[in-house]
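# predicted model and sequence below, questions to follow.
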Amino acid sequence: MMTARTVEIDESLRGCRTSQVVILGAGLDGRAWRMDELRDAVVFEVDHPDSQQLKRQRAAALTLRAREVRVGPVDFTRDKLGDALASAGHDPMQPTAWIWEGVVMYLTAEQVEATLAALSPRSAPGSRLVILYTQPALIMRLVGLAVGLLGEPFRSAFTPEAMRTLLSRYGFAVVRDEGVPQLGAAMSPSIGAATRLMKHLRIVTADRP
């Protein structure tokens, strides 16, 4: 699953010519350290301060591929994304590639909308938004019970139609929306077999015209 989603998001990022990349809920994302295509880009990593401290420790010995990495401490459940990006020097007049991977399912629908409302005015024409999200499915309920016991319950799910409508409301037009099993099957038989049951996971790419 990680292979399929990483390759798809990388390709979407390569297809967006921009000098700004914002990774929402960056965690241990390594794109700024492994993608030569980001050599001219400033990468803004937005995440919880505790996660960013761990990230700095692990990345200290790595060679940076991006032109620069800037951090924006944000707790998505209460902090203002726009304020953090402004403080980090994000330029809303320049196109931005937004990557939102592995976060949306842990937010409520209201929190998802609040984030879109914050990034929309900072998305100049030519910007791109890539989101990993979940659609309603029985396996979501089963897995949700398990992660809920760990203190991180799933809080939102969207059908592809609902996601398209939501993104359109904030000025983004969907150009691609695929399920992880379809993406995996297109990459190799082994990845396709490993992801065949993950029909609840989808990756959508949407552009700001």
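Cool, got the structure.
# what's across from the residue nearest the centre of the chain in the sheet?
Residue closest to the average C-alpha location in the chain (Cα atoms, centre = their mean): residue 100, at 1.4 Å. For residue 100, the beta-bridge assignment (DSSP bridges) gives partners residue 24, residue 131.
# residues contacting it?
Residues counted as contacts of residue 100 (Cβ atoms under 8 Å, 6 or more residues apart in numbering) are 24, 25, 115, 129, 130, 131, 132. All C-beta spots, glycine's among them, are computed from the backbone N, C-alpha and C.
# ok, so of those residues, who is nearest residue 78?
For those, the closest approach to residue 78 (Cβ to Cβ) belongs to residue 115, at 12.2 Å.
# tell me how far the nearest residue to that closest one once chain neighbours are set aside lies from residue 73.
Excluding its sequence neighbours, the residue lying closest to residue 115 (Cβ to Cβ, 6 or more residues apart in numbering) is residue 81, at 5.9 Å. Distance from residue 81 to residue 73, counting by Cβ to Cβ, to the nearest Å: 11 Å.
# in the protein, which residue sits furthest out from the middle?
What lies farthest from the middle of the chain is residue 189; by Cα atoms, centre = their mean that is 25.8 Å.
# any chance you could read off phi and psi for the closest residue in space to residue 25 that isn't next to it in sequence?
Distance criterion Cβ to Cβ, 6+ apart; nearest residue to residue 25, sequence neighbours excluded, is residue 103 at 3.6 Å. When read as degrees, to the nearest 10, the backbone of residue 103 gives phi -120, psi -40.
# least trustworthy helix or strand in this structure by mean pLDDT?
Scoring the helices and strands of the chain by mean pLDDT, DSSP states H and E places helix 138-149 at the bottom, with a mean of 65.
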